[in-house]
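> coordinates only, sequence not included:
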């Protein structure tokens, strides 16, 4: 995987995650959580902007962050499927965020030490934010898993539903600035601890959907992009 | 953001008003520094003591005695202000997913997040008066307390996000700046913080409109249309004309309110005319003109019958806004219950461990 493809993949992960988290605004279970989710969405969006800007420079075709975000079709997006899945209930959103953060934290940490200076700087900034995302999501996974009967059932359902999509995150890419396969042990340890504390069961591995890194997405992404891009595309060449 | 319906350039929007917020903050510090009597003497009449504190422009604090009607008025006003912040997240939140650039998306997300924050500190200010946030939220959800009527209008285009920032936040600031000098300390302090952030929002809204007004013909038309739709509802945010305003006189005497609805509305109009010129947009009032004698603009009053209809629940979005809030509240119930159950388990585990 080239540095450009890798950067684009990470940028798209962050962008689509931000778009989904932003959907929670004014809908969270409590006001404090509305603020927290917006915070995390803003962090993801901030990382996306840095990564997409850099991807545009690496590409050298004059595309900036907005050209990449608003003027590509779903087949050109390189995000993992996990982030594009619909929000579901709050449990599903927390399962998605927990797995994403448990992947992004070791990823950005490794990135901070990579040879590419731009990526290293982005990784150094983003890993601090990921640590907070992971704390926040892990706390909710524990609360919901070890809360009431209903919340336990919902959280286990959410973990079961989202788990298959985590495998795609660790598809080996030996030539990338950071090989995702090397992050798996960290991720597994983190997941095991939190699920144990939450009295939840780690689902068995079986179905492993993927294809996002090659632009083969779920049906959900095209709808997400249709909404995200509609205004920008309606006014070609306009400045905002 | 909050109206009274239940500032812009010297050097750009918000400039002069922000100066007033800073002056109010300085006055607050001075009031705190002035030797304050440690409370009424044993034989002193409580009401006279309260009146003395208000007259001296000192602040009433939560521990102080206050007339029951003063407490009730403040609870109602602060709660309605808090509700307005929370409901106000919806019309702008409507455009987060479609914001036309990543930069605008980030700014808008942060703005709506600020509103949630304002809601939280206003509920906290109300709680100092002996009422709980849960009770107040319940009063919002069952319709017994209102929020600012302006949020019952829809955001139909991206330019509405700009118009809300410029006009609605602008009107809210004009309304709130005097509240920075309100006699009740926790509310005055909350308002100082809120006004500073609101003036930032107003600049952002103004900048959105400025960019649109100087963009493509389609963008400019979008900006003008938004100003056409938001102008009169923004004027109505200052509430009914002074003659019809029910709570005003007593609130003035208590120094909760410092200027009449019509005074504030005039101030807002005078501020906006110059800004509209810089924007290159037209305020939709053919009778708007400078009155040399009054040193103010003459303007057409908003339709107060419409305001009354919206207050009574029949604006374009009243039902939608309430349904959205109730749904979020109901759908979050299992999460809040889980958090409470988990916290209780953690507490009992800690007790066992100790």
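Structure received. None of these values were measured; they are calculated from a predicted model.
> Now do the SS call for the residue in the stretch 101-250 of chain B positioned nearest to chain A.
Per CB to the nearest CB, residue B:113 is where the stretch 101-250 of chain B lies closest to chain A, at 3.8 Å. Placement of C-beta: from N, CA and C, glycine included. Using DSSP: H, G, I helix; E, B strand; the rest coil, the structure places residue B:113 in helix.
> Just the pLDDT at it, thanks.
Residue B:113 is assigned 97 on the pLDDT scale.
> cool, and residue B:12?
For residue B:12, pLDDT reads 51.
> buried ones in the strand or helix carrying residue A:125?
Using DSSP states H and E, the element containing residue A:125 is helix A:117-145. Of the residues in helix A:117-145, A:118-120, A:122-123, A:126-127, A:129-130, A:133-134, A:136-145 count as buried by neighbour count, 16 or more other CB atoms under 10 Å in any protein chain shown.
> Now narrow these to whatever sits close to chain B.
With CB under 8 Å from any CB of the partner chain as the criterion, the buried residues of helix A:117-145 include A:142-144 near chain B.
> what about the closest residue to residue B:82 other than its chain neighbours, how many neighbours?
Take residue B:82 and drop its neighbours on the chain: the residue closest to it by CB to CB, 6 or more residues apart in numbering or on different chains is residue B:122, 3.6 Å away. Around residue B:122 there are 28 other residues, counting by other CB atoms under 10 Å in any protein chain shown.
> residues contacting residue B:122?
Residues in contact with residue B:122 (CB atoms under 8 Å, 6 or more residues apart in numbering or on different chains) are B:78-79, B:81-82, B:85, B:190, B:194.
> what's the farthest-apart pair in these?
B:79 and B:194 (14.6 Å; CB to CB).
> Could you report the separation of residue A:174 from residue B:336?
From residue A:174 across to residue B:336, the span is 46 Å (CB to CB, to the nearest Å).
> Compare the two (neighbour count), which wins?
Neighbour tally, residue A:174 and residue B:336, criterion other CB under 10 Å: the higher count belongs to residue B:336, 15 against 8.
> Now name the helix or strand holding that one.
Assigned by DSSP H and E, residue B:336 falls in helix B:333-353.
> now that helix, how far from the centre of its chain.
Helix B:333-353 sits 36 Å away from the centroid of its parent chain (CA atoms, centre = their mean, to the nearest Å).
> Contacts made by that helix with the rest, please.
Under CB under 8 Å, 6+ apart, the answer for helix B:333-353 is A:29-30, A:33, A:90, A:142-144, A:146-148, A:150-151, A:154.
> quick one: which of the residues you listed is most hemmed in?
Going by other CB under 10 Å, residue A:144 tops the contacts of helix B:333-353 with 31 neighbours.
> and the residue nearest to residue B:82, that one's in a helix?
Yes: Residue B:122 forms part of a helix when assessed by three-state DSSP.
> And it, how far from residue B:136?
According to CB to CB, residue B:122 and residue B:136 sit 10 Å apart.
> so what sits against both of these two?
With CB under 8 Å, 6+ apart as the test, residue B:122 and residue B:136 both reach B:79, B:82.
> what's the first-to-last distance across stretch A:57-75?
Length of stretch A:57-75, first residue to last, CA to CA, to the nearest Å: 21 Å.
> and for that stretch, what are the contacting residues?
With contacts defined as CB under 8 Å, 6+ apart, stretch A:57-75 is touched by A:3-4, A:7-8, A:11, A:15, A:48-49, A:52-53, A:55-56, A:215-217, A:221-222, A:225, A:228-229, A:232-233, B:100-102.
> How about stretch B:184-199?
For stretch B:184-199, contacts defined as CB under 8 Å, 6+ apart pick out B:1, B:7, B:13-14, B:17-18, B:21, B:24-25, B:28, B:59-62, B:74, B:77-78, B:114, B:117-118, B:121-122, B:124-125, B:128, B:169, B:172-173, B:176-177, B:179-182, B:256.
> Report the buried members of these.
Among the contacts of stretch B:184-199, those classed as buried by 16+ other CB under 10 Å are B:1, B:7, B:13-14, B:17-18, B:21, B:24-25, B:28, B:59-60, B:74, B:77-78, B:114, B:117-118, B:121-122, B:125, B:128, B:169, B:172-173, B:176-177, B:179-182, B:256.
> one step back: okay, the ones next to chain B among the buried residues of helix A:117-145 in TSV with pLDDT next?
Shown next, in TSV, are these (pLDDT from 0 to 100):
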residue	pLDDT
A:142	98
A:143	98
A:144	98
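> any idea of the mean pLDDT for the helix holding residue B:336?
pLDDT averaged over helix B:333-353 equals 95, rounded to a whole number.
> before we move on, what about stretch B:293-308?
Mean per-residue pLDDT for stretch B:293-308: 97.
> Touching it from outside, list them.
By CB under 8 Å, 6+ apart, the residues outside stretch B:293-308 that reach it are B:5, B:149, B:232-233, B:235-236, B:240-241, B:244, B:266, B:269-270, B:273, B:285-291.
> Which ones among the residues you listed map onto helices?
Judged by DSSP state H, the subset of the contacts of stretch B:293-308 located in helices is B:232-233, B:235-236, B:266, B:269-270, B:273.
> ok, and which of those reach chain A?
Counting by CB under 8 Å from any CB, nothing from these sits close to chain A.
> what would the residues you listed look like in TSV with pLDDT and neighbour count?
Listed next are the ones in helices among the contacts of stretch B:293-308 as TSV, based on pLDDT from 0 to 100; neighbours: other CB atoms under 10 Å in any protein chain shown:
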residue	pLDDT	neighbour count
B:232	98	18
B:233	98	25
B:235	98	25
B:236	98	25
B:266	98	19
B:269	98	23
B:270	97	17
B:273	97	16
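> low pLDDT regions in the chain?
Let's take chain A. In the predicted model, chain A carries no residue with pLDDT under 70.
> Chain B, not that one
B:1-15, B:35-39, B:246-247.
> the longest helix in it is where?
In chain B, assigned by DSSP H, the helix with the most residues is helix B:185-213.
> count of residues packed around residue 99?
All of this refers to chain A. Residues lying near residue A:99 (other CB under 10 Å) number 25.
> wait, chain B
22.
> ok, now which ones touch it?
A:231, B:105, B:108, B:158, B:161.
> separation between residue A:216 and residue A:96?
Taking CB to CB, one finds residue A:216 at 19 Å from residue A:96.
> out of these two, which sits in the more crowded spot?
residue A:96 (26 against 13).
> Summarise which helices and strands the helix or strand containing the more buried one is packed against.
Residue A:96 is part of helix A:90-112 when elements are defined by DSSP H and E. When contacts are defined as 3 or more CB pairs under 8 Å, 6 or more residues apart in numbering or on different chains; DSSP states H and E, helix A:90-112 sits against helix A:3-22, helix A:81-84, helix A:117-145, helix A:149-162, helix A:184-197.
> redo that, cut-off 6 Å
Identification of packing neighbours for helix A:90-112 by 3 or more CB pairs under 6 Å, 6 or more residues apart in numbering or on different chains; DSSP states H and E yields helix A:117-145, helix A:149-162, helix A:184-197.
> who's in contact with the second one?
To tie it back to what came earlier, the one meant is helix A:149-162. Outside of helix A:149-162, the residues within contact range by CB atoms under 6 Å, 6 or more residues apart in numbering or on different chains are A:91-92, A:95-96, A:144-145, A:200, A:203, B:334, B:338.
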